[in-house]
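Structure, please.
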Amino acid sequence: MKITDITLDRLRLELDPPFRAAWDPEPRRTFDATIVRVHTDEGVTGIGSGDLMDGFETYKHLFVGEDPLDITRHVRAIETANFHGAHYWPLEAALWDVIGKVHGRPVSELFGNAAKKLPAYASSGELKSPEERVATALKVREAGFRALKIRIDRNRVDEGIAAVRAVREELGADFEIMVDLNQSWRMAGDTANASDLAQTRRTIARLAELDVFWVEEPLPYADLAGFKRLRAENPGVRIAAGEMHHSPTELLRYLEEDALDIYQMDVVLAIGMQRARTLAELAHLKHRQFTPHSWTNGIGVLANLHVAAGVGGGPFFEFPYDPPGWTPERRDFMLAEPVRVNAEGDLEIPDRPGLGVELDEDAIDRWRIK
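Below is the predicted model:
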């Protein structure tokens, strides 16, 4: 079996009204997605998406003509290309899609088959007033979710904590609340300083009083000592991070230093599926948890879901959902059907071979960047 070609469809969905992502200084008026297709001489095509694959044409020759089943070789080749270019992990997802289709099994079974479904948490994306956030939380619970992640801006901490308090009071102690401080990395061009350690310590202490399930990305990745201090000072609050950490060796250092409770590496943006599985297994051996970041599109959601289900990730899986600004229909505009949770708020693993992706070719033709 040989790879005969790797093609990219670059898509751009116009967002009207714009989506005001909490971590982005500029409102998002478009949503870009790149669909990777790995074509083979036996008619099997693998599909992946996530990072935008900028500059990949320079490295395509490293893979065409190779056996798509030689996944370890391909992971290592992707890592060498990443060093000189962007991050090409959607290609690995497409290769795993080929492997699953060849063997006739969902990829999660190849990764360990620890779970058939995972409880999802609704991952909000926008900053909202306490009143607006409560209204959204009620919709989230009505949709079946049992947990919600709320974003807090470093310059609007009081308002963010008020939103958490309002949701806690409205939905009660049985509904789990996570908080994302978005301080570990920056969008391109955002040069503002992160919150200092003293402010972050005060914020987490206040959130502990509201029984939040975890606090995510509270500090820049470089401040490993700060992460350890936050864990030591707030034993009742889990500390989560790592979603965009691109270095497996640095993540190993985090594990060795026991800096986090929950590791969140995104398999189509940060370190890939195979490396994420290895690190997730190590986290589990240390009695820590793995629940990946999945804020891309439905294909990226599925790639992360297969790895998480394969290794038994959890206790919740991230599901980007913040109506009306962010919905499955917007996120998954390239799919025949959006990825959705079931009535109990669980994400079920597709039982189709591979990743279970079904593209909407008409939508791809409509939104393709010419």
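
Tell me the secondary structure of the closest residue to residue 186 other than its chain neighbours, please.
Spatial nearest neighbour of residue 186, chain neighbours left out: residue 192 (7.6 Å); criterion: CB to CB, 6 or more residues apart in numbering. C-beta: built from backbone N, CA, C; applies to glycine. Secondary structure, DSSP: H, G, I helix; E, B strand; the rest coil: residue 192 is coil.

for residue 11, same thing?
strand.

Okay, residue 267 and residue 105: tell me how far apart.
18 Å (CB to CB, to the nearest Å).

so what's the residue nearest the centre of the chain scoring on pLDDT?
With distances taken as CA atoms, centre = their mean, residue 294 lies nearest the centre of the chain, 1.7 Å away. If you check residue 294, the pLDDT there is 98.

how much space between it and residue 303?
In terms of CB to CB, residue 294 sits 8 Å off from residue 303.

Check residue 231 too.
To residue 303, residue 231 is 29 Å away according to CB to CB.

Which of these two has more residues huddled nearby?
residue 303 (33 against 17; other CB atoms under 10 Å).

Setting the sequence-adjacent residues aside, check what's closest to the more buried one.
residue 93 (4.2 Å).

how many neighbours does the residue nearest to residue 186 have?
9.

Tell me if I'm right that residue 336 and residue 360 touch.
Yes: shown here, residue 336 and residue 360 form a contact pair, counting by CB atoms under 8 Å, at 4.8 Å.

quick one, which of those two is more surrounded?
Set residue 336 next to residue 360 and count neighbours by other CB under 10 Å: residue 360 wins out with 15 against 12.

Look at the more buried one and report its pLDDT.
On the pLDDT scale, residue 360 gets 98.

And for residue 115?
On the pLDDT scale, residue 115 gets 98.

is it true that the residue nearest to residue 303 lies in a helix?
Yes: read with three-state DSSP, residue 93 is one of the residues of a helix.

ok, it touching residue 51?
No: the criterion here is CB under 8 Å, and residue 93 misses it with residue 51 at 10.0 Å.

anything in contact with each of those two?
residue 268 (CB atoms under 8 Å, 6 or more residues apart in numbering).

C-terminal to the helix or strand containing residue 201, what's the next element?
Per DSSP states H and E, residue 201 falls inside helix 197-208. Sequence-wise, the next helix or strand downstream of helix 197-208 (DSSP H and E) is strand 214-216.

Give me the packing partners of that next one, helices and strands only.
Counting contacts by 3 or more CB pairs under 8 Å, 6 or more residues apart in numbering; DSSP states H and E, strand 214-216 packs against strand 176-180, strand 238-241.

Quick one: mean pLDDT over it.
So the average pLDDT for strand 214-216 ends up being 98.

any idea how far it is from the chain center?
15 Å (CA atoms, centre = their mean, to the nearest Å).

Quick check: neighbours of it in the sheet, parallel or antiparallel?
Paired strands of strand 214-216, with direction, are strand 176-180 (parallel), strand 238-241 (parallel) (DSSP bridges).

What are the buried residues along stretch 29-48?
31, 33-40, 44-48 (16 or more other CB atoms under 10 Å).

Give the rounded mean pLDDT of it.
98.

And it, end to end?
Start-to-end span of stretch 29-48 (CA to CA, to the nearest Å) is 24 Å.

Now do the contacts for residue 130.
Per CB under 8 Å, 6+ apart, neighbours of residue 130: 159, 162, 163, 165, 166, 167.

Residue 284: neighbour count?
Residues near residue 284, counting by other CB under 10 Å: 16.

Return the helix or strand where it lies as CSV; C-alpha atoms alone will do.
When elements are assigned from DSSP H and E, residue 284 belongs to helix 273-285. Extracted in CSV, the C-alpha atoms of helix 273-285 (Å, rounded to 0.1, in the frame of the first residue of the first chain):
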residue,chain,number,x,y,z
MET,A,273,-2.0,11.5,18.5
GLN,A,274,0.8,8.9,19.1
ARG,A,275,2.8,11.3,21.4
ALA,A,276,-0.4,12.3,23.3
ARG,A,277,-1.2,8.7,23.9
THR,A,278,2.3,8.0,25.4
LEU,A,279,2.1,11.1,27.6
ALA,A,280,-1.5,10.3,28.7
GLU,A,281,-0.4,6.8,29.7
LEU,A,282,2.5,8.2,31.7
ALA,A,283,0.1,10.7,33.4
HIS,A,284,-2.2,7.8,34.3
LEU,A,285,0.7,5.9,35.8
